[in-house]
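Asks: Here's a sequence, model it:
(one chain, ligands or ions: 2)
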Amino acid sequence: MKAKEYQRLLQDLSNLVDEAIHVVDAKGKSIIYNEGMASLEKINREEVLGKPFREVFSNIPDSESTLHQALRENKAIINKQQTYLNKYGKEITALSSTVPVEVDGEVIAAIEISKDITEIKSMSDTILKLRKETIAPQKTKKLEIKRYSFHNLIGENRRFKEVVDLAQRAARTNASVFIYGETGTGKELFAQSIHFAGERQDKPFLAQNCAALPESLLEGILFGTEKGGFTGAVDRAGLFEQASGGTLLLDEISAMPYELQSKLLRVLQEDYIRRVGGNRDIPIDVRIIATVNEPPEVLVEKGALRKDLYYRLSIVNIVIPPLRERLDDIPLLVENFLEKHNRKYGKEVWMLSDGALKKLKNHTYPGNIRELENIIMSAVSLADKEHVLTENQIRVQEAYREKSQDLGYDPSEESLDEYLHRCEEQILRTAMAEHDGNVSRAAKQLGLKRQTLQHKLRKFDL
Ligand SMILES: Nc1ncnc2c1ncn2[C@@H]1O[C@H](COP(=O)(O)OP(=O)(O)OP(=O)(O)O)[C@@H](O)[C@H]1O
Ligand SMILES: [Mg+2]
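Replies: Ligands and ions are numbered 1, 2, ... in the order given. Prediction:
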């Protein structure tokens, strides 16, 4: 095949893939510039193809140009996040890998493959901005986000009290804390209690769920970003700086990419951070509380959690027992939740019948305390003027049962139609209670059209 045909083939091929591709020859002339790259950089392909890229992208200095580095320094740069302005001044954020192509010891071309993450970047900027706004009121001690302390931790169970005792002792220190507990066992409650009982209580408490963000973002959120040489990129403090003097809760730390886990470990050992794209060392003073909802040993075994990071963080190791292992606390928890939701809904439910309590004690609670609270909340919100809730008014959530693979269907008791009818009614009731009777929001949660839900509510006479 002739060289010209080859180039045509590569050009056509490059237009068939989703990634943005830019290839320059040894002289820096653009020989491939595909549709994907043109749409990412908002430039017509004709304006780039066949021209020296230094001319077209004259606003990017050589020191910041990954293509330049690959070509002139024979250096591969993998997964680098870049923010820059295109020819028309539009800010673009891309994740790119750039590699030199070497033949007989000479660099004959450089290939850059990029993914447009402008949207993701602006999402992360918004998150950081919103966080800043939520920290501000905390400083003025008004309008705080939910703030928990040890007296909110209800429970008399012996093992549970030992755990609370350990957490109280931890609050008096500055040591990192590692909390393991299934979902809904109160990890956030423990973390906040530790923060607000210690000497950092007047400083920020910030939380970040490591599973909630794409990995390319998490690093910038935690450590911040720096303009560096890029035009258009912003200087922004990350959570480590924003939480200065306070506590940073890293939820589901095992969801953090492995590489970032080692970076975090280094930060914790050296007590300073470097913003993404920056080169200043910024000293930090942040207490870390990390949580997981699977046993840490299992996570280490699976390769989801770095062993060295786990050891560094688990100076205080808190294991919260699941509710099914402290069923003796149910009456006390119920009492508290009744009081709380009576107040909220203006009801006067004083207690549960023996049958109702027994029903609650027979459940296994995959959703733990959050699930128990939802059951009580829903029953209270639906109560009329009665002071005692009976067995029928306590509805164990089907959604939770389903997860535990026990649908609780007994064909000798009812037909399938009756059972499904009852399930549907229960789910609707719970959804309506959870959303304080707001049809639109309940419909959204259930994935139904508003009208459909309204129709169903009429059908069930709810
Ligand atoms: N010991 C407790 N006493 C009273 N309420 C509790 C207790 N533990 C948890 N709760 C309540 O249960 C709910 C869930 O608690 P929390 O958000 O702390 O759980 P979590 O372990 O962080 O769950 P997830 O893993 O899903 O994030 C909250 O509404 C909290 O108020
Ligand atoms: Mg939580």
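
Asks: Just the buried residues of stretch 267-286, please?
Replies: Val267, Leu268, Ile273, Arg274, Arg275, Val276, Gly277, Gly278, Ile282, Ile284, Val286 (16 or more other C-beta atoms under 10 Å). All C-beta atoms are positioned from the backbone trio N, CA, C, and that covers glycine.

Asks: Tell me which residues are up against it.
Replies: For stretch 267-286, the surrounding residues in contact (C-beta atoms under 8 Å, 6 or more residues apart in numbering) are 81, 176, 219-220, 223-228, 230, 233, 235-238, 240-241, 243-248, 288, 312-313.

Asks: show me the contacts for the residue in the stretch 1-150 of the chain positioned nearest to ligand 1.
Replies: The nearest approach of the stretch 1-150 of the chain to ligand 1 comes at Tyr148, 7.1 Å away (C-beta to the nearest ligand atom). By C-beta under 8 Å, 6+ apart, the contact list for Tyr148 reads Glu188, Leu189, Gln192, Ser193, Phe196.

Asks: Compute the number of surrounding residues for the residue nearest to the last one when sequence neighbours are not counted.
Replies: Leaving aside its chain neighbours, Phe196 sits nearest to Ser149 (4.9 Å; criterion: C-beta to C-beta, 6 or more residues apart in numbering). For Ser149, the tally of surrounding residues (other C-beta atoms under 10 Å) stands at 15.

Asks: Please list all residues in contact with Ser149.
Replies: Going by C-beta under 8 Å, 6+ apart, Ser149 touches Gln192, Ser193, Phe196, Ala197.

Asks: sorry, back to before: so which of the contacts of Tyr148 reach ligand 2?
Replies: By C-beta under 5 Å from the ion, the members of the contacts of Tyr148 lying near ligand 2 are Glu188.

Asks: Got a ChimeraX select line for the buried ones in the contacts of Tyr148?
Replies: In ChimeraX syntax, the buried subset of the contacts of Tyr148 is picked out as below (16+ other C-beta under 10 Å):
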select :188,189,192,193,196
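
Asks: Let me know the closest of the contacts of Tyr148 to Gly346.
Replies: Closest to Gly346 out of those is Leu189 (25.7 Å), distances taken as C-beta to C-beta.

Asks: OK, contacts around the closest one?
Replies: Leu189 sits next to Tyr148, Asn152, Leu153 when contact means C-beta under 8 Å, 6+ apart.

Asks: For the residue of the chain found nearest ligand 1, give me its contacts.
Replies: Nearest to ligand 1 in the chain, going by C-beta to the nearest ligand atom, is Gly186, at a distance of 2.6 Å. If a contact means C-beta under 8 Å, 6+ apart, then Gly186 has Leu153, Ile320, Asn368, Ile369 as its contacts.
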